[in-house]
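Asker: Here's my sequence, what's the structure:
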Amino acid sequence: MKRRAFLAAVVVAAAFANAAHAQEKTIVVGTSIDSKPFDFVQDGKYVGFDQDLLAEIAKEAGFKYTVNPMDFGALIPALQTANIDLAISSIFMTDARKQVVDFSDVYYTSALGILVAADNSAINTGEDLAGKKVASVTGAASTTWLKGNAPTAEVTLFPQVTNMFMELQAGRADAVVYDYPFLAYYAQVEGDGKVKVVEKPVGDGIPVGIAFPKGSELVGQVNEALKKVKADGRYDAIYKKWFGKAAE
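Answerer: Purely as a prediction, here's the structure:
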């Protein structure tokens, strides 16, 4: 009888130890850090809309995390091999991605846009990209859109957002196609007077979510935390901080 009680106590203690270990585990977060205003480095710290939101979600869910910066195109493969626990970097929730990773609930709705030189008057719609030199990012949803909607465009893909902006300003690309918010922020800040965004986004609105390895237990925790962050006004405050207006 005593032996059974002892074994039961050992099992209970082990369960509590495992639960405590799970809580203490530091979550590894993958992000592309050249994606203003969502994810970038400022004064040695990771900042941006995604990073502020992640901090509040982690606080609400009760986990610690560390950021592992990487190229955008490496995020999904890193999740598939479980080298990171989650990825946040304005990741579009496409059908193709849903087949290989799990997503949180939607936390932002984005769209694709076109960036051109400030004096460019030839490109005003997606149809105008036909036969033009276009820059974009490896692994981004814009690459799929370009294949289907601008098949004759001469597309060059880069590992980082910064590279495609440099290609445009150097005159080696006629346009950049990428996430509209990134392009608009760049045109207003670093590219002010040098580039402009074609006013109308291309394609449909695309939901954005936090990505996880298939079957991750973190999905439920993050979704619950996200609901609370949205409900108590923290999400709205973060949105207004980075986009200058209330969330729609």
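Asker: Go through this protein and flag its longest strand.
Answerer: strand 202-213 (DSSP state E).
Asker: by contact count, what packs against that strand?
Answerer: helix 75-80, strand 86-92, strand 101-103, strand 108-117, helix 141-149, helix 218-231 (3 or more C-beta pairs under 8 Å, 6 or more residues apart in numbering; DSSP states H and E). In this view, the C-beta of every residue, glycine as well, is placed from N, C-alpha and C.
Asker: Surely residue 187 touches residue 195?
Answerer: Yes. Counting by C-beta atoms under 8 Å, residue 195 is a contact partner of residue 187 at 5.3 Å.
Asker: shared neighbours of these two, anything?
Answerer: Residues touching both residue 187 and residue 195 (C-beta atoms under 8 Å, 6 or more residues apart in numbering) are residue 115.
Asker: returning to what we had before: please name whichever of the helices and strands packed on strand 202-213 is nearest to residue 173.
Answerer: Distance to residue 173, taken as C-beta to C-beta, is lowest for strand 108-117 among the helices and strands packed on strand 202-213, at 9.3 Å.
Asker: Could you list every helix and strand in contact with the closest one?
Answerer: strand 86-92, helix 141-149, helix 161-169, strand 175-179, helix 180-188, strand 195-197, strand 202-213.
Asker: Among the ones you listed, which one carries the weakest average confidence?
Answerer: For the helices and strands packed on strand 108-117, the bottom mean pLDDT is recorded on helix 180-188, which sits at a mean of 89.
Asker: Give me the buried stretch members for it, please.
Answerer: Going by neighbour count (16 or more other C-beta atoms under 10 Å), the buried part of helix 180-188 is 180, 181, 182, 183, 184, 185, 186, 187.
Asker: Redo those as JSON lines? Include distance to residue 239.
Answerer: Shown next, in JSON lines, are the buried residues of helix 180-188 (distance: C-beta to C-beta, whole Å):
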{"residue": "180", "distance to residue 239": "16"}
{"residue": "181", "distance to residue 239": "11"}
{"residue": "182", "distance to residue 239": "16"}
{"residue": "183", "distance to residue 239": "18"}
{"residue": "184", "distance to residue 239": "15"}
{"residue": "185", "distance to residue 239": "14"}
{"residue": "186", "distance to residue 239": "19"}
{"residue": "187", "distance to residue 239": "20"}
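Asker: which residues are contacting the longest strand of the chain?
Answerer: 54, 75-76, 79-80, 82, 85-88, 90-94, 97, 101-114, 125-126, 141, 145, 149, 177, 218-219, 222.
Asker: can you rerun that using 6 Å?
Answerer: Contact with strand 202-213 is made by 79, 82, 86-88, 90-93, 101-104, 106, 108-112, 126, 145, 218-219, as judged by C-beta atoms under 6 Å, 6 or more residues apart in numbering.
Asker: Show residues contacting stretch 137-148.
Answerer: Outside stretch 137-148, the residues that touch it by C-beta under 6 Å, 6+ apart are 72-73, 92, 94, 112, 136, 155, 157-159, 177-178, 203.
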